[in-house]
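**Student:** test case, fold it:
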Amino acid sequence: MKKYTHAWLAFMAIKRLENVKLSATDRKYADSLINWFMDHRDDVTQGAWYPDAVIMDMANSHVLKLTPSVDAKNKFKKLPTTYLNYKYGKASPLRQQSFTVDKDDNLPDRCESIAHSVIDHLKMQEMEDKGSSVSPTDNQVALLLFMLSHYIADAHMPFHCDSRRFSEGINLHGDIEGEWEDAIMDCYPPDTSNERFYYDRFGYPFKNPNSNPSHQFFLDKVDNELSGRKFIMSWGASNGNLWDFMSAICQYSYLLSYRFIPQGYDHTNVTAQNWRRPLGSISVEDFGVASISDAIDSIARAWFRVWRRYKKWEKKQRTKK
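**Tutor:** Coordinates of the predicted model:
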């Protein structure tokens, strides 16, 4: 995904946490994260783009490429049943087949490691004396959280999880991500000179009332999908941690890719004309709504669970004192 798409997804994840129904205790944790985020919102665009702009580990840590295989023994994990990726994926004939995973790819590992780093940094900050030279700063924690959102979002771009080479040929991968970016930048015009959004009175990206109707229709579909979706705290049945969850996300992104571009097609025979028909059983619009709405939900879930885990630890430490 592209620069302002990543930043916008982070804002929408926080907005989702603000709007969902939670228990009284979880609402306190969520509100704490929301308030903390708003104090650092000017840095979202740069922080969420850091993995592409500076770290540049795109070949391995932004992807988990899967290939259909009748000889392998890998099985599909579960996702929260509210996810569009799950709904589309469970109807895919490939879900009954096994698959191989590119041995050099490690997107779930990257997400798990950053999540632990966020908690570790917050713990060190809590335990160190004020002014300590080894104490992490809030800005460092913010950077890690924004980086985490980037890797989570990338798992929701189905071509990041499909071993077919859609960045070659007509560069279908880049074209679709470019269309998502155009829609977001039209509906929520950023201040590109300062790498941030203009804000509405609630602190979220200001919505352009004169945006292209087709762009607005697309993002309204994302908003409507999430508004009607229950927020499930679980990682999904039998998934014990963020690594399991992100592995499942990648598996169902792979299935979504094949629902959109079916077997028999790759970069050599997908053209600028035929992919919009569509070639598969879902439209480009459904493909985008599923990818973006599920990405927002996943960022919100991961951020909240990381933050809640730290806050529970913090509460225990203060009780001891």
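**Student:** can you give me the strands for this protein?
**Tutor:** Per DSSP state E, the chain carries strands over the ranges 66-69, 98-101, 190-191, 196-197.
**Student:** pLDDT on the last one, on average?
**Tutor:** Per-residue pLDDT values over strand 196-197 give a mean of 96.
**Student:** can you start the count at 115 instead of 1 from here on
**Tutor:** Sounds good: first residue 115 from here, last item strand 310-311.
**Student:** list of residues touching that strand?
**Tutor:** 121, 122, 125, 155, 156, 158, 159, 302, 304, 305, 319, 320 (CB atoms under 8 Å, 6 or more residues apart in numbering). Where you see a C-beta, it was placed from the backbone N, CA and C, and this is true even at glycine.
**Student:** out of the strands of the chain, which one sits most buried?
**Tutor:** Mean neighbour count, computed with mean count of other CB atoms under 10 Å, is highest for strand 310-311 among those, reaching a mean of 21.
**Student:** how far does that strand sit from the chain's center?
**Tutor:** With CA atoms, centre = their mean, to the nearest Å as the basis, strand 310-311 stands 19 Å off its chain's centre.
**Student:** pairing partners for that strand, with directions?
**Tutor:** The pairing partners recorded for strand 310-311 under DSSP bridges are strand 304-305 (antiparallel).
**Student:** returning to what we had before: residue 248: which of the strands of the chain is closest?
**Tutor:** Residue 248 lies closest to strand 310-311 among the strands of the chain, at 30.2 Å (CB to CB).
**Student:** if we can go back for a sec, minimum distance to residue 145: which of the strands of the chain has it?
**Tutor:** Residue 145 lies closest, by CB to CB, to one member of the strands of the chain: strand 310-311, at 21.5 Å.
**Student:** for the residue nearest to residue 381 when sequence neighbours are not counted, phi and psi?
**Tutor:** Nearest non-adjacent residue to residue 381, counting by CB to CB, 6 or more residues apart in numbering: residue 283, 3.5 Å away. Here is the backbone geometry of residue 283 (degrees, to the nearest 10): phi 70, psi -120.
**Student:** out of the contacts of strand 310-311, which is nearest to residue 270?
**Tutor:** Checking those against residue 270 with CB to CB, the nearest one is residue 122 at 13.4 Å.
**Student:** any idea how far the residue nearest to that closest one when sequence neighbours are not counted is from residue 116?
**Tutor:** Of all residues not flanking residue 122 in the chain, residue 298 sits nearest, at 4.9 Å (CB to CB, 6+ apart). According to CB to CB, to the nearest Å, residue 298 stands 9 Å off from residue 116.
**Student:** and the residue nearest to residue 122, what does it touch?
**Tutor:** Applying CB under 8 Å, 6+ apart to residue 298 gives the contacts 118, 119, 122, 333.
**Student:** now do 7 Å
**Tutor:** Contact analysis of residue 298 by CB atoms under 7 Å, 6 or more residues apart in numbering lists 118, 119, 122.
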